[in-house]
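Enquirer: Sequence first, then the predicted structure, then my questions.
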There are 2 protein chains.
Amino acid sequence: MTTTDAAGLLAVAREEALLGQSEGGIPIGAALFTTDGELLGRGHNRRVQDGDPSLHAETAAFRAAGRRPHYRDTVMVTTLSPCWYCSGLVRQFAIPRVVIGEATTFSGGHAWLARAGVDITIVNDPHCAALMARFIDEHPELWYEDIGVDPSTVD
Amino acid sequence: MTTTDAAGLLAVAREEALLGQSEGGIPIGAALFTTDGELLGRGHNRRVQDGDPSLHAETAAFRAAGRRPHYRDTVMVTTLSPCWYCSGLVRQFAIPRVVIGEATTFSGGHAWLARAGVDITIVNDPHCAALMARFIDEHPELWYEDIGVDPSTVD
């Protein structure tokens, strides 16, 4: 069974976020699909699990999808508004559509992507928002590290 | 011995590009240093070697440097103008300085970074430019794949 509606696609990214949470990691998940709903790759943030700061959820899903000649028929789905790093990934590889769980706990480059012509859907999923809000409240130092915010500059 | 001048920093990234070339890969190298010239991580594009599209040279160097609480005292050095993906990395993690070997064979997001306040130095190194020009001439399909350009859209 495949799905192409935003809520159905987001369910896979949310599963990844919960997997990350269960591993003690930063609970952000993502998946790359074709526009026909075929899953190409899925992943979650692995900073804590692998000690790897380069594996944000979107880059983990992109990596899992392996090499492709182009991305014109793909959709990136992520539980959280993509940071500049992951927004840059979407823009460079000309991924035409991004589905986002929520953009309230963090707002990255999705408006910039929209201005560049990327089709952006924000689901406003309360489960995604609650998951991140709780994580940020309980582990602010991990969260700041993951988005490159110098903790000494935070009140 | 440490160096903080652009040419000295670039030499390390160029070594990485040549390593990539010797492995049959895309010859782009990068390194992350402290502003005092301490090497934190170095790497090169690993698309061909590892089948990993997420490891551009800059992300490979960033990954090799491991987890850090912040990047306010770092310099990213790369043989080629950073693409949007790698420019997004620099912006998200607030890396304050980027040293670039050349921006003639490809021009990514360095002007965008400069507008965001990043200190950009373009060395205009002829060795870096010759290395990329030859690679693009000999392996255009790999190069288009690495920057997400659909080959069917290229003349």
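Expert: In hand now; what should we look at?
Enquirer: dump the residue contacts of residue A:151.
Expert: By CB atoms under 8 Å, 6 or more residues apart in numbering or on different chains, the residues touching residue A:151 are A:140-141, A:144-145, B:69-70. Yep, even glycine has a C-beta here, placed from its N, CA and C like the rest.
Enquirer: Out of those residues, grab the one that's most surrounded.
Expert: When neighbours are counted by other CB atoms under 10 Å in any protein chain shown, residue A:145 leads the contacts of residue A:151 with 21 neighbours.
Enquirer: if we can go back for a sec, from the contacts of residue A:151, which single one is nearest residue B:99?
Expert: Checking the contacts of residue A:151 against residue B:99 with CB to CB, the nearest one is residue B:70 at 19.6 Å.
Enquirer: Which helix or strand contains that closest one?
Expert: For residue B:70, there is no host helix or strand (DSSP states H and E).
Enquirer: And for residue A:32?
Expert: Using DSSP H and E, residue A:32 sits in strand A:29-34.
Enquirer: what about the residue in chain A that chain B sits nearest to, neighbour count?
Expert: Chain B sits closest to residue A:88 of chain A, with a gap of 2.3 Å, by CB to the nearest CB. Per other CB under 10 Å, the neighbour tally for residue A:88 reads 28.
Enquirer: buried set for the following helix or strand past the strand holding residue A:32?
Expert: Scanning forward in sequence from strand A:29-34 by DSSP H and E, the next helix or strand is strand A:39-44. Within strand A:39-44, the residues scored as buried using 16 or more other CB atoms under 10 Å in any protein chain shown are A:39-44.
Enquirer: which regions of chain A lie under the pLDDT threshold?
Expert: Within chain A, the stretches with pLDDT under 70 are A:1-2, A:155.
Enquirer: which bits of it sit near chain B?
Expert: A:47, A:51-54, A:59, A:62-63, A:65-72, A:83-89, A:91-94, A:108-109, A:141, A:144-145, A:147-152 (CB under 8 Å from any CB of the partner chain).
Enquirer: Name the nearest residue to residue A:57, ignoring sequence neighbours.
Expert: Excluding the flanking residues, the one nearest residue A:57 by CB to CB, 6 or more residues apart in numbering or on different chains is residue A:30, at 3.8 Å.
Enquirer: ugh, typo on my part, it should be residue A:147
Expert: Excluding the flanking residues, the one nearest residue A:147 by CB to CB, 6+ apart is residue A:83, at 5.9 Å.
Enquirer: circling back: turn the contacts of residue A:151 into a markdown table, including distance to residue A:116.
Expert: As requested, the contacts of residue A:151 are exported to a markdown table (distance: CB to CB, whole Å):
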| residue | distance to residue A:116 |
| --- | --- |
| A:140 | 31 |
| A:141 | 33 |
| A:144 | 28 |
| A:145 | 28 |
| B:69 | 31 |
| B:70 | 28 |
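Enquirer: before we move on, the earlier item: I figured the residue of chain A closest to chain B hits residue B:93, correct?
Expert: No - the pair residue A:88 and residue B:93 does not pass the contact test of CB atoms under 8 Å, sitting 11.6 Å apart.
Enquirer: Chain A: helices as residue ranges?
Expert: Using DSSP state H, the helices found in chain A span residues A:6-22, A:47-50, A:57-64, A:84-92, A:110-115, A:126-138, A:140-146.
Enquirer: So which bits of the first one are buried?
Expert: It stands for helix A:6-22. Neighbour-count burial for helix A:6-22 flags A:6, A:9-14, A:16-21 (criterion: 16+ other CB under 10 Å).
Enquirer: do the same with the shortest one
Expert: For helix A:47-50, the neighbour count (16+ other CB under 10 Å) marks A:47-48 as buried.
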